[in-house]
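Enquirer: Pasting the sequence and the predicted model now:
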Amino acid sequence: MGRLVMKFGGTSVANIDRIRNVAQHVKREVDAGHEVAVVVSAMSGKTNELVAWCTDASPMHDAREYDAVVASGEQVTSGLLAIVLQGIGIQARSWQGWQIPIKTSEAHASARILDIDGTEIITRFKERKEVAVIAGFQGINPDTGRITTLGRGGSDTSAVAIAAALRADRCDIYTDVDGVYTTDPRVVPKARRLDKIAFEDMLELASQGAKVLQVRSVELGMVHNMPIFVRSSFDKPEDIDPHANQPPGTLICSEEEIMEMHVVTGIAFSKDEAQISVRQIEDKPGVAAAIFGPLADANINVDMIVQNVSEDGKTTDLTFTVPAGDYNRAKDTITAAKAKIGYARVDTATDVAKVSVIGSGMRSHAGVAAKAFKALADRNINIRAITTSEIKFSVLIDAAYTELAVRTLHTLYGLDQA
């Protein structure tokens with residue numbers, strides 16, 4: 001017996017038939033003797049529809065009312081799943097974020113979880129053998145009593161946080177893929193599913209473009225040492241042995257639980273990038289602050305930064321990247337601050353992509369990045385910028401070469417091999 005949190009995303013609960021399939025997954029674990037809490041997303045496409053309604057009602061809508069509207073998608077799913085579970089003889093009830101309660105900050109549409117009281121749910125596990133069906137993505141601000149939402153992908157975050165609060169043995173994230181792969185299989189058909197991956201590696205993969213898990217959910221898992229198991233909801237419930245050591249999927253866990261760390265774990269990429277180069281700035285103290293201060297004030301996240309100083313040392317060029325969605329705002333922000341910065345011109349590019357090589361094994365191996373630079377050069381792929389960390393390095397390249405670069409690096413580090 002154990003205690004599990006099972007999270008199902010939008011495609012897994014897209015219609016009543018899919019919700020019935022989810023109920024069978026839950027029944028399998030209940031029949032195996034587990035105490036189960038289920039966290040659900042809104043049905044596929046519903047959140048987008050609700051967001052569109054808010055925008056149509058008023059482009060400058062109240063964020064508090066926006067949260068009240070968009071949180072309703074998960075409320076519907078949780079109620080429907082509870083009804084279906086009751087129909088197959090399983091004691092279940094739905095919970096909204098405010099009922100538990102999941103206490104959050106007041107930052108509507110992007111709130112952060114502050115505290116979760118799992119006492120009542122744990123009591124019901126023991127006294128009633130009751131399955132808790134919890135609406136993901138939402139909570140309540142205790143100071144205002146208003147519903148809050150956690151931002152896109154927030155149901156993953158809800159699930160891991162609830163797992164920590166309930167002292168669960170594991171948090172299972174059911175999705176439309178059967179685990180975490182060495183890279184996107186649609187780009188590299190030889191990509192392999194990983195049986196296990198360390199929290200740190202998964203955090204880098206998620207933040208550098210892998211879409212499997214939301215970054216904050218992995219952060220929470222690492223902080224609370226909560227194992228996260230990524231698996232497919234499309235596997236037939238009856239074909240899975242709940243007592244198996246590890247059914248098909250990927251376990252995200254601490255490094256200590258992984259016997260052999262590979263030098264490179266995976267390759268991530270993102271085409272959601274834009275490059276801005278500020279040219280011929282006077283090279284003096286405070287220039288970087290004059291550029292990046294206004295961007296920070298505008299809540300624009302800057303990623304890769306490269307600085308080049310002229311031969312005479314009088315001027316410098318600063319190149320950086322921002323998310324493509326922030327490109328116009330970033331460009332306007334720099335233009336507005338021209339008098340303070342004192343630059344000659346701004347060059348921009350939106351046809352760029354970031355490719356990242358990730359692996360905890362890099363800590364103890366030299367020359368990992370150098371091999372990549374040579375391999376890309378041999379393919380005539382020009383590198384515009386480079387950033388590195390202890391377990392990751394990223395290169396900015398022309399978007400047209402993204403797939404070629406990913407395939408080249410995937411083969412280079414032996415990730416094609418089974």
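Expert: Nice, I can see it.
Enquirer: So which residues of the stretch 51-200 of the chain form helices?
Expert: 63-70, 72-87, 119-128, 154-165, 199-207 (DSSP state H, counting those that start in this stretch).
Enquirer: Go through those helices and find the least confident stretch.
Expert: Lowest mean pLDDT within the helices of the stretch 51-200 of the chain: helix 199-207, at a mean of 91.
Enquirer: Which SSE is immediately downstream of that helix?
Expert: helix 215-224 (DSSP states H and E).
Enquirer: for that next one, packing partners?
Expert: In terms of contacts (3 or more Cβ pairs under 8 Å, 6 or more residues apart in numbering; DSSP states H and E), helix 215-224 is packed against helix 154-165, helix 199-207, strand 228-232. Where C-beta positions appear, they are placed from N, C-alpha and C, glycine not excepted.
Enquirer: chain center to that helix: distance?
Expert: On the basis of Cα atoms, centre = their mean, to the nearest Å, helix 215-224 sits 10 Å off its chain's mean C-alpha point.
Enquirer: cool, and stretch 244-257?
Expert: 19 Å.
Enquirer: cool, and stretch 394-407?
Expert: On Cα atoms, centre = their mean, the centre of stretch 394-407 falls 21 Å from that of its chain.
Enquirer: ditto for stretch 364-379
Expert: 27 Å.
Enquirer: May I have the secondary structure class of residue 248?
Expert: Using DSSP: H, G, I helix; E, B strand; the rest coil, the structure places residue 248 in coil.
Enquirer: gap between residue 269 and residue 24?
Expert: Going from residue 269 to residue 24 by Cβ to Cβ, to the nearest Å gives 36 Å.
Enquirer: These two: who's more crowded?
Expert: The residue with more neighbours, out of residue 269 and residue 24, is residue 269; 25 against 14, by other Cβ atoms under 10 Å.
Enquirer: In this structure that one contacts residue 402, no?
Expert: Yes. Residue 269 is within contact range of residue 402, at 5.7 Å (criterion: Cβ atoms under 8 Å).
Enquirer: Now for these two: what residues contact both?
Expert: 187, 353, 355 (Cβ atoms under 8 Å, 6 or more residues apart in numbering).
Enquirer: Hey, what's the angle from whichever helix or strand the last one is part of to helix 199-207? Just curious.
Expert: To tie it back to what came earlier, the one meant is residue 355. For residue 355, the enclosing helix or strand under DSSP H and E is strand 345-358. Relative orientation of strand 345-358 and helix 199-207, computed by axes from the mean of the first three to the mean of the last three Cα atoms, to 10 degrees: 140 degrees.
Enquirer: gap between strand 345-358 and the chain center?
Expert: 21 Å.
Enquirer: what are the pairing partners of that strand, and which direction each?
Expert: strand 266-282 (antiparallel), strand 392-398 (antiparallel) (DSSP bridges).
Enquirer: for the longest one, the distance to its chain's centre please.
Expert: This points to strand 266-282. Remark: strand 266-282 is offset 21 Å from the chain centroid, using Cα atoms, centre = their mean.
Enquirer: now the shortest one
Expert: Its chain's C-alpha centre and that of strand 392-398 lie 19 Å apart, by Cα atoms, centre = their mean.
Enquirer: Would you indicate which residues of the next helix or strand after that strand are buried?
Expert: Using DSSP H and E, the helix or strand that follows strand 392-398 in sequence is helix 402-412. Across helix 402-412, burial judged by 16 or more other Cβ atoms under 10 Å covers 402-403, 405-410, 412.
Enquirer: now swap in stretch 58-66 and tell me
Expert: Applying a neighbour-count criterion of 16+ other Cβ under 10 Å, the buried positions in stretch 58-66 are 63, 66.
Enquirer: ok, now stretch 84-93?
Expert: Neighbour-count burial for stretch 84-93, counted by 16+ other Cβ under 10 Å, picks out 84-85, 90, 92-93.
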